[in-house]
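Novice: Only the shape, not the letters, is given here:
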Ligand code: AMP
């Protein structure tokens with residue numbers, strides 16, 4: 001009979017658990033999430049259980065990465081279903097703290113603030129977002145001193161910033177960035193897809209369709225980012241329920257706009273679809289013309 005993960009709501013409890021595992025020679029993987037788990041999250045869990053002997057999944061809807069006009073209050077909180085989803089996956093522990101456990105003063109009074117990689121894309125349109133993300137992940141890395149952490153390329157800018165943070169702040173942790181998991185029609189899985197009604201859900205495929213169109217013209221030899229962006233924007237414009245926020249091609253190392261399709265680029269877009277703000281991206285190799293969605 002499979003035993004579900006051990007649930008911790010307090011910092012001392014999960015820290016003691018992880019220390020005990022490490023003292024016994026176990027390696028620990030951490031998978032930070034905000035819950036409402038789907039196959040995208042579970043792919044990170046599988047990567048962790050394959051690479052380490054103990055996996056801790058954190059489920060915390062982090063208030064400090066939401067701005068006041070965003071969806072903190074309505075963000076889905078589905079702990080019971082999440083624990084069920086994890087029960088067959090060899091997850092050892094779930095850390096599910098309340099906001100008062102993580103922020104006894106309402107917020108951290110000292111923050112981790114990126115000074116690179118956040119000037120474009122989501123960092124530009126969501127001021128303070130990556131400060132909240134970096135601060136909470138730094139706290140999680142200190143609470144759960146794991147050997148490896150697992151993030152999704154679905155949030156490519158976040159993953160790059162966190163990798164840089166771990167390096168610059170000398171967290172002794174290996175950061176793994178895992179592929180995007182998609183629905184059958186191409187829509188990138190996201191907890192926010194739950195907000196979509198059936199019409200919006202059908203139109204949400206616009207984001208991956210636009211990337212696929214971009215992929216096609218790049219494979220055909222297009223080198224100008226502006227031209228590829230136009231193709232992607234034209235595709236989005238065919239979907240009346242989709243309001244684009246940004247459509248960009250950036251250098252994957254710096255997240256600065258790339259005028260031409262260079263050897264390592266990222267095509268990234270964000271759009272509002274009904275109540276849901278959705279993002280998606282693909283990795284572009286301008287030398288071979290290959291794109292990974
Ligand atoms: P979230 O719960 O949305 O904060 O996401 C937690 C982690 O899951 C982040 O590292 C995300 O990048 C990752 N993730 C979310 N959606 C996907 C997906 N469709 N494929 C792969 N990873 C994902």
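Specialist: Received the coordinates, thanks. Computed from a prediction, not measured in an experiment: that's the story for all the values here.

Novice: Just give me the neighbour total for the residue of the stretch 101-250 of the chain found nearest the ligand.
Specialist: Residue of the stretch 101-250 of the chain nearest the ligand, by Cβ to the nearest ligand atom: residue 152 (2.2 Å). (Glycine included, C-beta is placed from N, CA and C.) As a burial measure, residue 152 scores 24 neighbours (other Cβ atoms under 10 Å).

Novice: residues in contact with it?
Specialist: 40, 41, 43, 44, 159, 177, 178, 179, 180, 181 (Cβ atoms under 8 Å, 6 or more residues apart in numbering).

Novice: Over to residue 101?
Specialist: 9, 10, 11.

Novice: So it, which state does it fall into?
Specialist: Taken by DSSP: H, G, I helix; E, B strand; the rest coil, the conformation at residue 101 corresponds to helix.

Novice: just to revisit the earlier point, let's see which of the contacts of residue 101 end up in helices.
Specialist: Among those, the members falling in helices are residue 11 (criterion: DSSP state H).

Novice: Please report how far the residue nearest the centre of the chain lies from residue 50.
Specialist: Nearest to the geometric centre of the chain sits residue 155, at 3.6 Å (Cα atoms, centre = their mean). In this view, residue 155 and residue 50 are 21 Å apart by Cβ to Cβ, to the nearest Å.

Novice: And the helices in the stretch 1-150 of the chain?
Specialist: Here the stretch 1-150 of the chain has its helices, by DSSP state H, counting those that start in this stretch, at 11-23, 39-51, 79-87, 99-102, 121-125, 129-143.

Novice: would you turn those into CSV with mean pLDDT and distance to the ligand?
Specialist: Shown next, in CSV, are the helices of the stretch 1-150 of the chain (pLDDT from 0 to 100; distance: least, Cβ to the nearest ligand atom, whole Å):
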stretch, mean pLDDT, distance to the ligand
helix 11-23, 98, 18
helix 39-51, 98, 2
helix 79-87, 97, 10
helix 99-102, 98, 15
helix 121-125, 98, 12
helix 129-143, 98, 9
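
Novice: Reformat the ones you listed as JSON lines; add distance to residue 189.
Specialist: What follows is the helices of the stretch 1-150 of the chain, written out as JSON lines (distance: least, Cβ to Cβ, whole Å):
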{"stretch": "helix 11-23", "distance to residue 189": "26"}
{"stretch": "helix 39-51", "distance to residue 189": "4"}
{"stretch": "helix 79-87", "distance to residue 189": "13"}
{"stretch": "helix 99-102", "distance to residue 189": "25"}
{"stretch": "helix 121-125", "distance to residue 189": "18"}
{"stretch": "helix 129-143", "distance to residue 189": "19"}
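
Novice: returning to that earlier point: using a markdown table, please lay out the contacts of residue 152 together with neighbour count and distance to residue 269.
Specialist: Putting those into a markdown table (neighbours: other Cβ atoms under 10 Å; distance: Cβ to Cβ, whole Å) gives the following:
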| residue | neighbour count | distance to residue 269 |
| --- | --- | --- |
| 40 | 21 | 17 |
| 41 | 26 | 22 |
| 43 | 19 | 22 |
| 44 | 27 | 22 |
| 159 | 19 | 17 |
| 177 | 19 | 19 |
| 178 | 19 | 20 |
| 179 | 15 | 18 |
| 180 | 20 | 13 |
| 181 | 18 | 18 |
